[in-house]
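> need coordinates for the below:
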Amino acid sequence: MILHLDMDAFFAAIEQRDNPALRGKPIAVGGTSDRSVVSTASYEARKYGIHSAMPMFQAKKKCPDLIIVPGHRTKYSDASRQIMAILNEYSPLVEPVSIDEAYMDISGCSRLFGTHLEMAHAIKKRIKDQQHLTCSIGIAPLKYMAKIASDIQKPDGITIIKKEQAQAFAMALDIKKIPGVGKRALSQLQRLNIHTLGDIHRYEAEHIVSKFGKFGLRLVELANGIDQSRVESRHIRKSISKEVTLSHDTTDPKYIREVMLSLSQSVGRTLRRKKMVCANVFIKLKFSDFSQITRTHKLNLPVCSSKSIYDEAVRLFENVTLKKRVRLIGVGVSSLQDESVPVQMELLGNGQTRHKQWERVDEAVDMIMDKFGSDLVKKATLNPSIKE
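Residues are numbered from 1 along each chain as shown. The predicted structure follows:
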């Protein structure tokens, strides 16, 4: 049996916990400018249709009394670490998947902690007593099902799907609730008259796979009660990224490159702090009409230097023809691995040497920033108005 824990409106709940004046009121955590987006909305705000990633100006239109609260990342991270520590006391197999949610394999834990329901209540009580926060829990025999179950009785709920109930639950499950079914896939599925997971059985497996590829195979497996996903106690982070909404829309390539430099420094520093290297670099551009594109490139050698990340981000950007003004810029890396894993040296040239030289410079700058603050050292080319 798999348990999925999801904190309720995590960032907003922490702000309401720490400031009694915010309790019971519609709040949104995020930037205060109209160009910012909502990071998390309290349940009082969600009644107005406000949700994460919504532009702040739209949120304020929906709720004129909305209170906007700047985020406090360190505070959220501290609470998350303490919550994950609680979970690790109940099972050796805990997989954090984000700052506010995690999976647990609780098979065989009943002898120590009682029934699954008793265990869920005990975990919720520990979190409530220690953090003064609520969470929702789903328990099911399959991983994807546990995640869906945790959302059924939000906030502060518990939903358990027993093994004998799993097949009937899956067959009646609304297809849009399956993790990974986005707007495009949903539209295609609905054209095939597939509205529930059970409707997959209307077609031969080969037909679904030919239409949707690997995701089609996963849908077929889920419809047959198969989920190969397992709880991994050592969750490997798949990517690191940083993005910023600009103070004004722009097509100025010089300014865009300056922003990319600032973002690349931030991403590179996080990468080095985690003692990891990356094999892919990607960029994200969101335009004034809220459409967006991403571009990615696989590197010849894994790197962790900010300069290497920036150089690749700029190359990706230079291959984009700007037809609209840019509203948001993001830089990220993926295909991460431990820096201690040996990599094959380039057969020709001195690329590896160049990367290492910049990595040593970055490490020295990191040490200075850790000791004296992140604002002490800045690239000379950076515009003072750019903030990470």
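
> surely Leu271 and Val277 touch.
Yes: between Leu271 and Val277 a contact is recorded at 7.1 Å, counting by CB atoms under 8 Å. Every residue, glycine included, has its C-beta placed from N, CA and C.

> Ile137 belongs to a strand, doesn't it?
Yes: counting by DSSP: H, G, I helix; E, B strand; the rest coil, Ile137 is part of a strand.

> that one contacts Ala120, doesn't it?
Yes: here Ile137 reaches Ala120: they are 4.6 Å apart, a contact under CB under 8 Å.

> tell me, what's touching these two both at once?
3, 158 (CB atoms under 8 Å, 6 or more residues apart in numbering).

> how about the strands in the stretch 51-200 of the chain?
67-69, 94-98, 101-105, 135-140, 158-160 (DSSP state E, counting those that start in this stretch).

> of all those, which one is nearest Val29?
strand 67-69 (5.3 Å; CB to CB).

> pull out the buried positions in that closest one.
Neighbour-count burial for strand 67-69 flags 67-69 (criterion: 16 or more other CB atoms under 10 Å).

> kindly report the same for stretch 314-332.
Across stretch 314-332, burial judged by 16+ other CB under 10 Å covers 314, 316-317, 326-332.

> please flag which of those residues sit within strands.
Using DSSP state E, the members of the buried residues of stretch 314-332 that fall in strands are 326-332.

> which of these lies closest to Ser98?
Looking across those and measuring by CB to CB, the closest to Ser98 is Gly332, at 15.7 Å.

> mind checking pLDDT for the closest one?
pLDDT for Gly332: 95.

> cool, and Ser239?
Value listed for Ser239 in the pLDDT field: 86.

> how about it, what does it touch?
Listed by CB under 8 Å, 6+ apart, the contact set of Ser239 reads 332-334, 336.

> and those residues, which two are furthest apart?
Gly332 and Leu336 (10.6 Å).

> how far off centre is stretch 315-323?
26 Å (CA atoms, centre = their mean, to the nearest Å).

> straight-line length of it, end to end?
With CA to CA, to the nearest Å as the measure, stretch 315-323 spans 18 Å from end to end.

> and if you look at stretch 81-95?
Rule used - CA to CA; the end-to-end distance of stretch 81-95 is 13 Å.

> pLDDT of it, averaged?
pLDDT averaged over stretch 81-95 gives 92.

> any common contacting residues for Gly332 and Leu336?
239-240.

> could you list the domains of the protein?
The chain resolves into domains spanning 1-161, 167-223, 239-372 when parsed by automatic domain parsing.

> weakest of those domains in terms of mean pLDDT?
domain 239-372 (a mean of 81).

> show me where this protein has its helices.
If DSSP state H is used as the criterion, the helices of the chain fall at 10-18, 43-46, 56-62, 73-88, 110-113, 116-131, 143-150, 163-172, 183-191, 205-223, 253-273, 306-318, 351-372.

> contact partners for the nearest residue to Lys75 once chain neighbours are set aside?
Leaving aside its sequence neighbours, Lys75 sits nearest to Ile14 (CB to CB, 6 or more residues apart in numbering; 6.2 Å). By CB under 8 Å, 6+ apart, the contact list for Ile14 reads 72, 75-76, 79, 133.

> could you measure from Ile14 over to Ile194?
Distance of Ile14 to Ile194, given as CB to CB, to the nearest Å: 40 Å.

> partners of the residue nearest to the spatial centre of the chain in the sheet?
Taking CA atoms, centre = their mean, the centroid of the chain lies closest to Ser98, which sits 6.0 Å from it. Per DSSP bridges, residues listed as beta-bridge partners of Ser98: Glu101.

> nearest residue to Thr270 in space, please, no chain neighbours.
Setting aside the residues directly before and after it, Thr270 is nearest to Ile240 in space (CB to CB, 6+ apart), at 5.2 Å.

> Tyr203: how many residues sit nearby?
17 (other CB atoms under 10 Å).

> cool, and Leu112?
So Leu112, with other CB under 10 Å, has 9 neighbours.

> where's it relative to Pro302, distance?
Where Pro302 is concerned, Leu112 sits at a distance of 42 Å (CB to CB).

> go on, Lys147?
Distance from Lys147 to Pro302, counting by CB to CB: 31 Å.

> rewinding a little: and which of the buried residues of stretch 314-332 is nearest His207?
Set against His207, the nearest of those by CB to CB is Gly332 (35.6 Å).
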